[in-house]
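K.L.:
I would like to see how this sequence folds:
(one chain, ligands or ions: 2)
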Amino acid sequence: MESAISCQNLTKTFGDHTVLKNLSIEIPKGKITTILGYSGAGKSTLMKHFLGLQKPTKGKLFVLDKNVSTLSDDELRNFRKQFGMLFQYAALFDSLTTFQNIAFPLTEFTKMNQAEIEQRVNDLMKSVGLQEQSLHRLPSELSGGMRKRVGLARALALEPDILLYDEPTTGLDPITTKMVNDLIITTGRTENTKDLTSVIISHDIQATLKISDYIAFLEKGEIIEFSPTKEFKKTTHPTIRMFLDLTTH
Ligand SMILES: Nc1ncnc2c1ncn2[C@@H]1O[C@H](COP(=O)(O)OP(=O)(O)OP(=O)(O)O)[C@@H](O)[C@H]1O
Ligand SMILES: [Mg+2]
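P.N.:
Numbers count the residues shown, from 1 in each chain. Ligands and ions are numbered 1, 2, ... in the order given. Predicted structure coming up:
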């Protein structure tokens, strides 16, 4: 299987604290992969490496066949356009309307004219289930679920190859959580996004089991399990068993 992201013996050390330990993982292209782990396991640090925001102390990282540590600042700027990011709490610009938030990457990074931008924002809103009445509202005038939709539309604006979600449902009510999870599935699995690779960081084991094609478990900087969801559920690894049993009862 083709990899979107390939970590090869990745080690990251801050001072004398080793946060990622000789970590290797091949994240498959076009699939939904979730990285699970306790707080402090190194999940966000790993994600920062994917984006080239941090450099490995040792080892190599290839994203879509590019060796990330060798990229110059200019190349990194271009490189990051291949990613869409959906953060916890959506991280919208508070003073910008839905339209302005979604249009932001288009005005910033493309040469599209106003009419083209309007058309693209319209299409993006449709694809994440946002209605026209949200167009001129500020984030504070939208529900949590709507804000997530706006954040996702913005993340999809530049047609990314890889979509990164950092704890997309933390702090949401159960109904909004379900909506966001359904949205992740539709976004990752529709015909026109067949090649889109989704990588999710999560604590939510239930949702993870439902939406992921592959699951990795990160513990103290090491991947202790990485398998298709069906196999992951049957793991006998004691730490993961405990995590699974703790959160599924
Ligand atoms: N820039 C940094 N300098 C020093 N230590 C860091 C730095 N970034 C992360 N760490 C340390 O690395 C460890 C892993 O942090 P990280 O944020 O990757 O964990 P996480 O798995 O994302 O946790 P959470 O689930 O709480 O978000 C922590 O002990 C943290 O203190
Ligand atoms: Mg984190």
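K.L.:
I'd assumed R154 was in contact with F104.
P.N.:
Yes: assessed by Cβ atoms under 8 Å, F104 is found in contact with R154 at 6.5 Å. To be clear about C-beta, it is placed using only N, CA and C from the backbone, and glycine gets the same treatment.
K.L.:
spatially central residue for this protein, please.
P.N.:
L164 (1.6 Å; Cα atoms, centre = their mean).
K.L.:
neighbours of I205, just the number please.
P.N.:
By the other Cβ atoms under 10 Å criterion, the neighbourhood of I205 contains 18 residues.
K.L.:
if I look at it, how far off is D245?
P.N.:
Distance of I205 to D245, given as Cβ to Cβ, to the nearest Å: 10 Å.
K.L.:
the closest residue to ligand 2 within the chain: which element?
P.N.:
Scanning the chain for the residue nearest ligand 2 gives S44, at 3.1 Å (criterion: Cβ to the ion). Of the helices and strands defined by DSSP states H and E, S44 is found in helix 43-50.
K.L.:
name the helices or strands packed onto that helix?
P.N.:
Taking 3 or more Cβ pairs under 8 Å, 6 or more residues apart in numbering; DSSP states H and E as contact, the helices and strands that helix 43-50 lies on are strand 3-14, strand 17-28, strand 32-36, strand 58-63, strand 162-166, strand 197-202.
K.L.:
can you pull the contacts of the residue lying farthest from the centre of the chain?
P.N.:
Outermost residue of the chain with respect to the C-alpha centroid, by Cα atoms, centre = their mean, is A115; its distance is 29.5 Å. The neighbours of A115, taking Cβ atoms under 8 Å, 6 or more residues apart in numbering as the test, come to nothing; the list is empty.
K.L.:
kindly report the same for the one 10 residues further on.
P.N.:
Taking Cβ under 8 Å, 6+ apart as the criterion, M125 is in contact with 98, 102, 131-132, 134-135, 153.
K.L.:
circling back to that earlier point, mind putting the helices and strands packed on helix 43-50 in a markdown table, distance to ligand 2 and mean pLDDT included?
P.N.:
Shown next, in a markdown table, are the helices and strands packed on helix 43-50 (distance: least, Cβ to the ion, whole Å; pLDDT from 0 to 100):
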| stretch | distance to ligand 2 | mean pLDDT |
| --- | --- | --- |
| strand 3-14 | 14 | 97 |
| strand 17-28 | 11 | 97 |
| strand 32-36 | 10 | 95 |
| strand 58-63 | 18 | 97 |
| strand 162-166 | 7 | 93 |
| strand 197-202 | 6 | 94 |
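K.L.:
so which of those comes closest to K230?
P.N.:
When these are ranked by proximity to K230, the top entry is strand 32-36, at 13.7 Å, counting by Cβ to Cβ.
K.L.:
can that closest one be found next to ligand 1?
P.N.:
No: using Cβ under 6 Å from any ligand atom, strand 32-36 stays clear of ligand 1, with a minimum separation of 8.7 Å.
K.L.:
give the other helices and strands that that strand contacts.
P.N.:
Counting contacts by 3+ Cβ pairs under 8 Å, 6+ apart, strand 32-36 is packed against helix 43-50, helix 174-189, strand 197-202, helix 205-211, strand 214-219.
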